[in-house]
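Novice: predicted model, plus sequence, below.
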Amino acid sequence: MGIKIYPITEKFNPEKPYSEKILSTENMLIIHFYLKKRQKIPLHVSKSEVFVTVLLGKGKFFIGSEENSEILRQEESLFYESEEPHGFEALEDMIVQAVISPNPQQKIKL
């Protein structure tokens, strides 16, 4: 069974980042994050591996610390190893897709 996934730009929240669980299986979790310019997902760690792709916009992606980062634009991706501190900040309105494996079975706090 194939599932086609579309990000929806109306989900931006001017107050704080919005996240939407797209797919959850025993082995992985896919989440879309919707951030307005200057909104941030704070630095955090996960026991899972995380693969992020910018679907819309541009942002600063933290790698290990907020002092170490990469700028990613639409269609660019970054891989984080398990236990590697990570997070991101929108430099313009941005939609990020995160593929997390294995599924951490817990909600990410925004």
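Specialist: Happy to help now that I have it. Numbering: from 1, shown residues only.

Novice: by mean pLDDT, flag the weakest helix or strand of this structure.
Specialist: Ranked by mean pLDDT, DSSP states H and E, the weakest helix or strand in the chain is strand 18-24, scoring a mean of 92.

Novice: so which elements touch that strand?
Specialist: Judged by 3 or more C-beta pairs under 8 Å, 6 or more residues apart in numbering; DSSP states H and E, the packing partners of strand 18-24 are strand 29-35. Using the backbone N, CA and C atoms, a C-beta is placed for each residue, glycine as well.

Novice: report the buried residues of the strand it packs on.
Specialist: 29, 30, 31, 32, 33, 34, 35 (16 or more other C-beta atoms under 10 Å).

Novice: relative to residue 3, which of those residues is nearest.
Specialist: The shortest gap between residue 3 and any of the buried residues of strand 29-35 belongs to residue 30, at 9.6 Å (C-beta to C-beta).

Novice: relative to residue 10, how far out is that closest one?
Specialist: Distance, residue 30 to residue 10, using C-beta to C-beta, to the nearest Å: 19 Å.

Novice: so what touches the least confident helix or strand of the chain?
Specialist: Applying C-beta atoms under 8 Å, 6 or more residues apart in numbering, the external contacts of strand 18-24 come out as 3, 5, 11-12, 29-35, 97, 103, 108, 110.

Novice: just the buried residues of that strand, please?
Specialist: Using 16+ other C-beta under 10 Å as the test for burial, strand 18-24 gives 18, 19, 22.

Novice: what is the nearest of the residues you listed to residue 58?
Specialist: residue 18 (17.9 Å).

Novice: now residue 89, nearest residue through space, not along the chain?
Specialist: Excluding the flanking residues, the one nearest residue 89 by C-beta to C-beta, 6 or more residues apart in numbering is residue 40, at 4.2 Å.
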